[in-house]
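Asks: build me a model:
(chains A and B)
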Amino acid sequence: MDIHLYNTATRSKELFAPLDPENVRMYVCGPTVYDRAHLGNARPVLVFDILYRLLKTQYPHVTYVRNFTDVDDKINARAAESGRSIGEITAETSQWFLDDMGAIGALEPDHMPRATAYIAEMVEMIEGLIDGGFAYAKEGHALFRVREYARYGKLSGRSVDDMIAGARVEVAPYKEDPMDFVLWKPSDAQTPGWDSPWGRGRPGWHIECSAMAKALLGPQFDIHGGGNDLMFPHHENEIAQSCCANGTDRMANVWMHNEMLQVEGKKMSKSLGNFFTVRDLLEQGVPGEVIRFVMLSTHYRKPMDWTEKKREEAEATLRKWYAQVEGANEGKVTEAVTTALADDLNTPQAIVELHQLSQKGDGSALWAAMRLLGVMGDAVPGWAAVSDADLSAYEAAFSSVRADAMQTKDFSKLDAMKQMLIAAGVEVKMRKDGVDLVAGPSFDPVKLESMP
RNA sequence: GGCGAGUUGGCGGAGUGGUGACGCAACGGAUUGCAAAUCCGUGUACAGGAGUUCGAUUCUCCUACUCGCCUCCA
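Replies: Below is the predicted model of the structure:
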């Protein structure tokens, strides 16, 4: 099946053609590990998780790399204020990230390199850039000479001159040109640092991805992804570094960027008070599958608005589907579902196809499709499982009361009983010749104890 | 200020140069002691203006508005 992906670099949807069909290679910019992942961090993880799953259905092998940025001034600040070591913080935070992303159904990438494990590769790459005249060392810094790379700004559609005119660039005495960006910077005694030809210091933010991508995927690979906030400057800088250091004309063939997440129509930010982490939601009792479903219900290139209403709808839909899947045997993913995903990860369209399967009552195909989307595994998750509470005694009692009521035309006792059952979270389904009681999601057996 | 994305019915959300995607909600009907659930059915949405066209929601241009990035926050 043909897969089409929107390539930011060309601003168009293109037929995906891997460099090596035996080994599709993708790199996604991962988190800076200094705290819990917030909901916005989850979006790229889920978007590229879907891409990873899709690619795996079409190619024999996919190599997915997502890094951990464990050297960064935010981490340094966190260490300084908490008195804990950097290693302790990054180890703990990295595991939190994996736990939280696992809870929302994200598969782990094949490689999850930590920046601090690739310092030597970064130094080597910077040396190469300096040797080639693309970078220079000054006052303990190494800087990339942006004017040396003619294609700088092409990915994000900017020109160097326009950006200078915008005057939002940092001017520093050690820079030849205000646009030049840092590859390596000096560390003082309190700041983590590594020895280098330019003195003890630490890498700039962008070089890690160039070095790790090269080490694990080679100088050129298929897909590079991340949030669209990374398009500039991060990805622009990565391209400049990698292409100049590796002598290639491109770093990745396809650049993919997801749009940002909002909460109730506004940017999620601490100042607006609508900032929360994935863990916060999970602790509030929002199942990971629901978080994932809401995320997938908006196409990745559109802003995604997290709302309470969507959360509720997603949960209702999933409960309905889980009930249909329970008892079915897992079948095969229908072509319509895969086709939707193959069209630039059109997850909302894929969800439509799942609705169709649900409508047709095709539980086995639904199961397979839900698994592909990552909201279903080998069994229905516990939170959605139909309760196995034995209500047969109540069923019998209710049936006989109902039979009496039908005779006497006095339904008051029956209605009272029904109210109690409903209050206890029991779904009451009356048929002509009987009654079914099903424990609903909010079933509370304690409330039935006062029943006659 | 620069760059970019977007504006589809009550809400969410795909898609298409020409027969009202889909989900939720709503409404009508069947069923029901009454409800619920279920089933059947109903709705003439494509920001505004101009242009291209036999025909535009879909293409082009302009306007308005929203959002994002450029700045530690994805």
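Asks: burial count for the residue of the stretch 1-150 of chain A found nearest RNA strand B?
Replies: Per C-beta to the nearest atom of the strand, A:Gly40 is where the stretch 1-150 of chain A lies closest to RNA strand B, at 2.5 Å. No exception for glycine: its C-beta is placed from N, CA and C like everyone else's. Using other C-beta atoms under 10 Å, A:Gly40 has 23 other residues around it.
Asks: now do A:Thr69
Replies: 21.
Asks: which residues touch it?
Replies: A:30-33, A:115, A:205, A:208 (C-beta atoms under 8 Å, 6 or more residues apart in numbering).
Asks: just among these, which is most surrounded?
Replies: Of the contacts of A:Thr69, with other C-beta under 10 Å as the count, A:Glu208 tops at 28 neighbours.
Asks: surely that residue meets A:Asn67?
Replies: Yes. Counting by C-beta atoms under 8 Å, A:Asn67 is a contact partner of A:Glu208 at 6.7 Å.
Asks: ok, back up a step: the residue of the stretch 1-150 of chain A closest to RNA strand B belongs to a helix, doesn't it?
Replies: Yes. Judged by DSSP: H, G, I helix; E, B strand; the rest coil, A:Gly40 forms part of a helix.
Asks: most distant residue from the middle of chain A?
Replies: A:Thr408 (60.0 Å; C-alpha atoms, centre = their mean).
Asks: got the phi/psi numbers for that residue?
Replies: According to degrees, to the nearest 10, the main-chain angles of A:Thr408 amount to phi -80, psi -10.
Asks: just A:Glu14 next, same as before
Replies: Torsion angles, degrees, to the nearest 10, at A:Glu14: phi -130, psi 150.
Asks: show me what contacts the residue lying closest to it once chain neighbours are set aside?
Replies: Spatial nearest neighbour of A:Glu14, chain neighbours left out: A:Asn7 (5.1 Å); criterion: C-beta to C-beta, 6 or more residues apart in numbering. Each residue near A:Asn7 by C-beta under 8 Å, 6+ apart is listed here: A:13-14, A:253-256.
Asks: against A:Phe221, how distant is A:Asn7?
Replies: 14 Å (C-beta to C-beta, to the nearest Å).
Asks: check A:Lys266 too.
Replies: For A:Lys266, the distance to A:Phe221 - C-beta to C-beta - is 36 Å.
Asks: quick one: which of these two has more around it?
Replies: A:Phe221 (25 against 10).
Asks: where's that one relative to A:Val28, distance?
Replies: 11 Å.
Asks: any idea how chain A splits into domains?
Replies: A:7-258, A:262-384, A:392-448 (automatic domain parsing).
Asks: all helices of the stretch 351-452 of chain A, in order?
Replies: A:363-373, A:392-408, A:412-423 (DSSP state H, counting those that start in this stretch).
Asks: got the buried residues for the second one?
Replies: For helix A:392-408, the neighbour count (16 or more other C-beta atoms under 10 Å) marks A:394-395, A:398, A:401-402, A:405 as buried.
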